[in-house]
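S.K.: Here is my input; please provide its structure:
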Amino acid sequence: MSYLRVFSLVRAVVVGCALYIIVSPAHAEEKSMWNKFVEFFSPTSEVKGEGPLYDQLRELDRKINRVEGKYARERRPMNKDRYKKELAQLKADREELVKKIEAEEKKASVSSSAEAKKSSAAVKSSSSAAKVVSSSSMPACRPDTVFVRDTVVVHDTLYVMLAPKPQPVKASSSSAEVPADTAVKQ
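M.R.: As a prediction, this is how the structure comes out:
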């Protein structure tokens, strides 16, 4: 009797091992536990770009991640349904924003190519004297120009200290305009 129990136990182990060997190549394509762990805690996608639309997109991604975490932890059906509806709304808003960004990029690429054609024609017609005069004054300052005084890196964060906008240099026409306290006596 005990011989039959041992034999059936051995047979069960052999069949189990055979099934494991047959099934394991099918799951070989599955990611390792470490990769699953890293992907779980890493952000889904980094948005590359600058501007208010990209900032809104990053904020929407943060909200989606936060609500997905709440949805995964929630056990009550009513709250789970509410989170599911909120996720659907946030994802729809994200898709609209992505389409809007793509439209802006297309518009910007079309306008930049047109500007490039206009500026190349203007550069050909301008004289070299005008270039020297413009370069001797202050550097071109567009509204989005930032003057950096110093930068500090702490761990993985870059802190930028801004400097005030430099004042334009006024060219003096003669040496008589030198203030009295800086004049040299001879």
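S.K.: quick one: least confident helix or strand in this protein?
M.R.: In the chain, no helix or strand scores lower on mean pLDDT, DSSP states H and E than helix 128-136, which sits at a mean of 44.
S.K.: Now the element after that helix, going C-ward?
M.R.: Downstream of helix 128-136, the first helix or strand assigned by DSSP states H and E is strand 148-154.
S.K.: Given the helix or strand following that following strand, what are its sheet partners and their directions?
M.R.: Downstream of strand 148-154, the next assigned helix or strand under DSSP H and E is strand 157-162. Applying DSSP bridges, strand 157-162 is found paired with strand 148-154 (antiparallel).
S.K.: Now tell me what touches the strand it pairs with from outside.
M.R.: L158, Y159, V160, M161, L162, A163 (CB atoms under 8 Å, 6 or more residues apart in numbering). Every C-beta, even on glycine, is put in place using the N, C-alpha and C of the backbone.
S.K.: How many neighbouring residues does the third one have?
M.R.: For V160, the neighbour count with other CB atoms under 10 Å is 10.
S.K.: Any idea what it is bridged to?
M.R.: Counting by DSSP bridges, the residues bridging with V160 are T151.
S.K.: Quick check: it vs P52, distance?
M.R.: For V160, the distance to P52 (CB to CB, to the nearest Å) stands at 19 Å.
S.K.: and the helix or strand harbouring Q89, what other elements does it pack with?
M.R.: Using DSSP H and E, Q89 falls within helix 77-125. Judged by 3 or more CB pairs under 8 Å, 6 or more residues apart in numbering; DSSP states H and E, the packing partners of helix 77-125 are helix 52-73.
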